[in-house]
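1. I would like the atomic coordinates for the input below:
(one chain, ligands or ions: 2)
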Amino acid sequence: MKTSIATVSVSGELDEKLAAIAAAGFDGVEIFENDLLVFDKSPQEVARIVRDQGLEITLFQPFRDFEGMPEPQRSRNFDRAERKFDIMQELGTDLVLVCSNVSPVALGGLDRAAADFHALGERAARRGLRIGYEALAWGRHINDHRDAWEIVRRAGHANVGLILDSFHTLARKIEVNSIRSIPKEKIFIVQLADAPLIDMDLLYWSRHYRNMPGEGDLPVSDFTRAVAATGYDGYFSLEIFNDQFRGGSTRMIAADGRRSLVYLGDQVRRIEPDAALTLPHLPDRIEVEDFVFIEFAADEDEAQQMIALLRVLGFRKVARHASKSVVVYQQGRIRIVVNTESVGFANAAFNVHGTTAYAVGLKVADARAAVLRAVGLGAEEFTQQPGPGETKLPGVFGPGGGVYYFLDHGEDLENIWTTEFVAENENAPTLPAGLASIDHIAQTVRYDELLSTVLFYTSLFKTEKTPVVDIIDPAGVVRSQVVANETGSMRITLNGAENHRTLAGHFITENFGPSIQHVAFHTDDILATAVALATNGFRPLQISRNYYDDIEARFGLEPDFAETLRANNILYDRDEGGDYFQLYSPVYGEGFFFEIVQRRGYRGYGAPNAIFRIAAQKRHMRPETMPRS
Ligand SMILES: O=C(O)c1ccc(O)c(O)c1
Ligand SMILES: [Mg+2]
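-> Numbering: from 1, shown residues only. Ligands and ions are numbered 1, 2, ... in the order given. Here you go, the predicted structure:
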């Protein structure tokens, strides 16, 4: 699969764009005319930079408002085209994208347009160039790839072909199987873009909201399947107009683009076996069976505070590492590892972020396959050398620089708790509280990295993303999206913070980067848990009385029941599936907290309660570090 990306898709000057595109592993690049015009080097010099980066120019674009014009515009268009052909020859590319005419003076008619393209094809052929015709979704007469193909067919010229763009086809919900009957040699290039489903003007939607395949809601893989079924083996080229990307990190966006194409090609190849998509072998998306552990990095002092808290929550120390200062606390299936090593990556993570949940262990069927897939998608392998007698845990860096370890059922990884650790049978001073498993982990990221983070998880793990939900913080909006699997054994909630005055934004700022901000444990009996925790001296986050008056009315709760919830500071929500109960710890440090939930068929995460929870957390936080709204 040959991959390309349009220069318009990433931020920066043309040379920075090209460097990032090459570094991300693309084979080709579409040169957008404006990127060339604002750059103060000649087309020949640009051609040299492109070559030096090991890239190929896949096309030059766009050439607008060409076909079906009355005179004198028609003749002028041919002159204009000759000027563009000069630039193309200087750039060393043979393909120009002509997008369908939007001019109010354009005349319709398939034959008229076909005749114009035939004449343009003749001129292009003299110079060894090719013309690709693309239907814009808002074209004046031509806004459907089926009509554009009919014009190309009638033009009947070897140097005139079709350009397909997933956005234009999918935004208009055009039947993608109409692509299957187009001869592959007449498809000159295929552009790909996704977009979130938003009901708005097509042009505005296209120019501002496109995103990488897999980041939005359009069926880009169905489109790509239909293209692949023709036997097409040319470039797949990203063309992403996105306001966030224009201002984002050039390298991150380029790397995401490449990841999105590898992921897409891999998916399509699995369901369309005749597809001519040559890609290196990638194991399928990884099924996560369970969270095996969450590891905190801390220093000795802060570890003592963390351990005191774990005890109050009903955890018991079950093991310590045979040779390192690493201890394991457990309750139900939940393992919390506390690492106070003064060397290595955990220590580095502590030095940067303070006490932080820097690593997560995931149970998978094949740990090596998980690493292979992650690396194939452009993730960085975690390669800390194990000490003598230690097992090397396969792992990769996740978004924000934390580590995901993979543990499978192989002997060394399955038995790690007994081979590498020494069992401790602590006589815990506190009661177990019925915490059974990890319901979800919540990672806070910068809003402009939310799409990237979602793509990381959905491309690597067999998970689906939910639509974005707005969480209202008294100081701003936090956009929240969930990545989860069918069974619920892996759920990650992602909160994208736009400003640093929200609880999420403050956490990112003070922790010097995105990381896990809370961990939610599941209990089968929230009231029994609340009672045990109270006995242990746990003081839950205090929720306002007004909240309980509201939910009593909103859900028609029995007054006694609402009073029980209030007395225990338990939040309540309900959906079609059932009930949800939430109990929160206060906030530790700069915003980390634990949550305890009980779900009875409920599928969500209590988003309607977030505003009450956040307000309560802000009351708890030290006023000198946490600006109130
Ligand atoms: O928004 C546009 O005008 C535009 C231009 C060229 C393209 O290839 C495209 O898909 C859209
Ligand atoms: Mg396009």
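2. what does the chain have sitting close to ligand 2?
-> The chain comes close to ligand 2 at residues 165, 191, 239, as judged by C-beta under 5 Å from the ion. Any C-beta I mention is one placed from the backbone N, CA and C, and that applies to glycine too.
3. Which pLDDT value goes with the closest residue to F350 other than its chain neighbours?
-> Here the nearest residue to F350 in space, its sequence neighbours aside, is A297; by C-beta to C-beta, 6 or more residues apart in numbering that works out to 4.1 Å. For A297, the pLDDT comes out at 93.
4. List the residues that contact A297.
-> Residues in contact with A297, defined by C-beta atoms under 8 Å, 6 or more residues apart in numbering, are 339-340, 346-347, 349-350, 353, 355-356, 358-359.
5. just N425 next, same as before
-> Remark: with contacts taken as C-beta under 8 Å, 6+ apart, N425 is in contact with V318.
6. quick one: low-confidence parts of the stretch 201-350 of the chain?
-> Low-confidence regions of the stretch 201-350 of the chain, defined by pLDDT under 70, are absent; no residue qualifies.
7. where along it do the strands fall?
-> Listed in chain order, the strands found in the stretch 201-350 of the chain under DSSP state E, counting those that start in this stretch are 235-238, 290-297, 316-321, 326-331, 334-339.
8. ok, now the stretch 351-500 of the chain?
-> With strands called from DSSP E, counting those that start in this stretch, the stretch 351-500 of the chain shows them at 356-363, 395-397, 403-407, 421-423, 435-446, 464-465, 469-473, 476-484, 491-497.
9. Give me the domain ranges for this structure.
-> According to automatic domain parsing, the chain is divided into the following domains: 2-271, 290-423, 436-620.
10. what's the closest of these to H281?
-> Proximity to H281, assessed across these by C-beta to C-beta, is greatest for domain 290-423 (8.1 Å).
11. quick one: C99 from D165, how far?
-> Summarising the geometry, the distance separating C99 from D165, computed by C-beta to C-beta, to the nearest Å, is 9 Å.
12. which neighbours do these two share?
-> Contacts common to C99 and D165, judged by C-beta under 8 Å, 6+ apart, are E134.
13. Quick one: distance of stretch 273-293 to the chain centre.
-> Centroid separation between stretch 273-293 and its chain, computed with C-alpha atoms, centre = their mean, to the nearest Å, is 17 Å.
14. Start the count at 25 instead of 1 going forward.
-> OK, 25 is where the count begins now, so the last one is stretch 297-317.
15. buried stuff in it?
-> Neighbour-count burial for stretch 297-317, counted by 16 or more other C-beta atoms under 10 Å, picks out 299, 301, 306-307, 309-317.
16. With stretch 118-133 instead?
-> Neighbour-count burial for stretch 118-133 flags 118-127, 130 (criterion: 16+ other C-beta under 10 Å).
17. okay, that stretch in PDB with CA atoms only?
-> Extracted as PDB, the C-alpha positions of stretch 118-133 are listed here (Å, rounded to 0.1, in the frame of the first residue of the first chain):
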ATOM      1  CA  ASP A 118       2.800  14.400 -13.700                       C
ATOM      2  CA  LEU A 119      -0.600  14.600 -12.100                       C
ATOM      3  CA  VAL A 120      -2.900  17.600 -11.400                       C
ATOM      4  CA  LEU A 121      -6.200  17.400  -9.500                       C
ATOM      5  CA  VAL A 122      -9.000  19.300 -11.200                       C
ATOM      6  CA  CYS A 123     -11.900  19.700  -8.800                       C
ATOM      7  CA  SER A 124     -15.400  20.100 -10.200                       C
ATOM      8  CA  ASN A 125     -16.500  23.600 -11.100                       C
ATOM      9  CA  VAL A 126     -18.300  25.700  -8.500                       C
ATOM     10  CA  SER A 127     -18.600  28.900 -10.600                       C
ATOM     11  CA  PRO A 128     -22.100  30.400 -11.000                       C
ATOM     12  CA  VAL A 129     -21.400  30.900 -14.700                       C
ATOM     13  CA  ALA A 130     -20.400  27.300 -15.300                       C
ATOM     14  CA  LEU A 131     -22.600  25.600 -17.900                       C
ATOM     15  CA  GLY A 132     -23.800  22.100 -17.200                       C
ATOM     16  CA  GLY A 133     -23.800  19.100 -19.600                       C
END
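18. Any part of that stretch near ligand 1?
-> Yes. In terms of C-beta under 6 Å from any ligand atom, part of stretch 118-133 sits within range of ligand 1, namely 121, 123.
19. what comes into contact with that stretch?
-> Judged by C-beta under 8 Å, 6+ apart, the contacts made with stretch 118-133 from elsewhere in the structure are 54, 82-94, 97, 108-109, 112, 144, 148, 152-160, 162-167, 172, 187, 212-213.
20. Just these: which are in strands?
-> The subset of the contacts of stretch 118-133 located in strands under the criterion DSSP state E comprises 54, 82-87, 154-158, 187, 212-213.
21. Taking those residues, please make a PyMOL selection of just the buried ones.
-> The following PyMOL command selects only the buried members of those, with burial defined by 16+ other C-beta under 10 Å:
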select buried, resi 54+82+83+84+85+86+87+154+155+156+157+158+187+212+213
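22. And the ones in strands among the contacts of stretch 118-133, which is closest to ligand 1?
-> Of all the ones in strands among the contacts of stretch 118-133, P86 has the smallest distance to ligand 1: 3.9 Å, by C-beta to the nearest ligand atom.
23. right, and the closest one touches E57 too?
-> Yes. The pair formed by P86 and E57 meets the contact definition of C-beta atoms under 8 Å, at 6.9 Å.
24. what sits in contact with each of the two?
-> Among the neighbours of P86, none is also in contact with E57 (C-beta under 8 Å, 6+ apart).
25. Name the residues of stretch 242-254 that are buried.
-> With burial defined by 16+ other C-beta under 10 Å, the residues of stretch 242-254 counted as buried are 242, 244-245, 247-254.
26. Can you pull the phi and psi angles for whatever residue of the stretch 525-653 of the chain ends up closest to ligand 2?
-> In the stretch 525-653 of the chain, the residue that lies nearest ligand 2 is P538 (32.5 Å; C-beta to the ion). According to degrees, to the nearest 10, the main-chain angles of P538 amount to phi -70, psi 140.
27. I figured it was touching T468, is that so?
-> Yes. In this structure, P538 sits in contact with T468. The criterion is C-beta under 8 Å, and the distance is 5.7 Å.
28. Touching both of the two, which residues are there?
-> Counting by C-beta under 8 Å, 6+ apart, the residues touching both P538 and T468 are I532.
29. Go through the chain and flag its longest helix.
-> With secondary structure taken from DSSP state H, the chain has its longest helix at helix 274-295.
30. Tell me which residues touch the residue in the stretch 375-524 of the chain that ligand 2 sits nearest to, please.
-> Taking C-beta to the ion as the measure, the point where the stretch 375-524 of the chain comes nearest ligand 2 is L475, at 19.8 Å. Taking C-beta under 8 Å, 6+ apart as the definition of contact, the neighbours of L475 are 235-236, 239, 268, 280.
31. do that again at 6 Å, thanks
-> When the contact criterion is C-beta atoms under 6 Å, 6 or more residues apart in numbering, the partners of L475 are 235, 239.
32. Likewise for the one 4 residues further on?
-> By C-beta under 6 Å, 6+ apart, the residues touching L479 are 238-239, 280.
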